[in-house]
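In: A predicted structure for the sequence below; I have some questions about it.
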Amino acid sequence: MAADKKPAANKSRFDWQPWARLQALGAAFFILTGGVIGIFYPDKIFGIINTGVGAAILLMEYPVTPLDRLGFVSRNLWIRVFLYLAAAAGTTFQAPATTGGFCMVCAALTYARAAINGEIFAPLPKPAKPAKK
């Protein structure tokens with residue numbers, strides 16, 4: 001009788017990709033803010049670079065329609081992992097953006113975990129329209 005029973009499906013599966021996306025959004029904001037501060041204090045060129053990197057990652061993570069049409073490039077998690085690690089390396093040259101760089105490393109590692117689990121990139125769901133009365 002025990003051989004007839006099938007094991008229950010694991011219903012407590014955790015999706016890492018949405019969490020990584022939120023981490024990357026926060027990290028990109030920190031990098032953008034640190035870049036703006038860095039324009040005025042330590043070194044202008046690294047401030048401009050970090051501001052551009054932070055803005056580019058915010059646009060990549062926020063659901064912008066033209067970027068969703070890039071197909072494989074915008075949906076592959078491994079590309080995001082290596083891109084975010086490279087972005088985090090660029091923040092080490094400027095103190096105001098360092099916190100964003102550390103957060104970006106965490107986001108890259110979380111994306112790597114999602115890619116290892118076989119998850120695919122899914123845009124944020126659109127909010128449901130309220131029912132008309």
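Out: Here it is on my side, so go on. Just so you know, these numbers come straight off a predicted model, no measurement behind them.

In: Please make it C-alpha for all contacts and neighbour counts, starting now.
Out: Fine.

In: Can you get me the start-to-end distance on stretch 37-50?
Out: 10 Å (Cα to Cα, to the nearest Å).

In: which non-adjacent residue is nearest the residue nearest in space to the middle of the chain?
Out: In the chain, the centroid-proximal residue (Cα atoms, centre = their mean) is residue 24; its distance is 3.1 Å. Of all residues not flanking residue 24 in the chain, residue 107 sits nearest, at 5.3 Å (Cα to Cα, 6 or more residues apart in numbering).

In: Would you confirm that that neighbour contacts residue 26?
Out: No - Residue 107 is beyond contact range of residue 26, at 9.3 Å (criterion: Cα atoms under 8 Å).

In: Looking at those two, which is more packed in?
Out: Taking neighbours as other Cα atoms under 10 Å, residue 107 and residue 26 compare with residue 107 leading, 26 against 18.

In: list the contacts for the more buried one?
Out: Taking Cα atoms under 8 Å, 6 or more residues apart in numbering, we find residue 107 in contact with 20, 21, 23, 24, 27, 84.

In: Would you state the helices of the protein in chain order?
Out: Remark: helices assigned in the chain by DSSP state H are 17-40, 44-61, 65-68, 72-75, 77-90, 98-116.

In: Tell me which of these approaches residue 130 most closely.
Out: Taking Cα to Cα, helix 65-68 is the member of these nearest to residue 130, at 22.9 Å.

In: Would you format the helices of the chain as CSV with distance to residue 131 and mean pLDDT included?
Out: Below are the helices of the chain laid out as CSV (distance: least, Cα to Cα, whole Å; pLDDT from 0 to 100):
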stretch, distance to residue 131, mean pLDDT
helix 17-40, 27, 92
helix 44-61, 29, 90
helix 65-68, 25, 62
helix 72-75, 32, 75
helix 77-90, 36, 92
helix 98-116, 35, 94
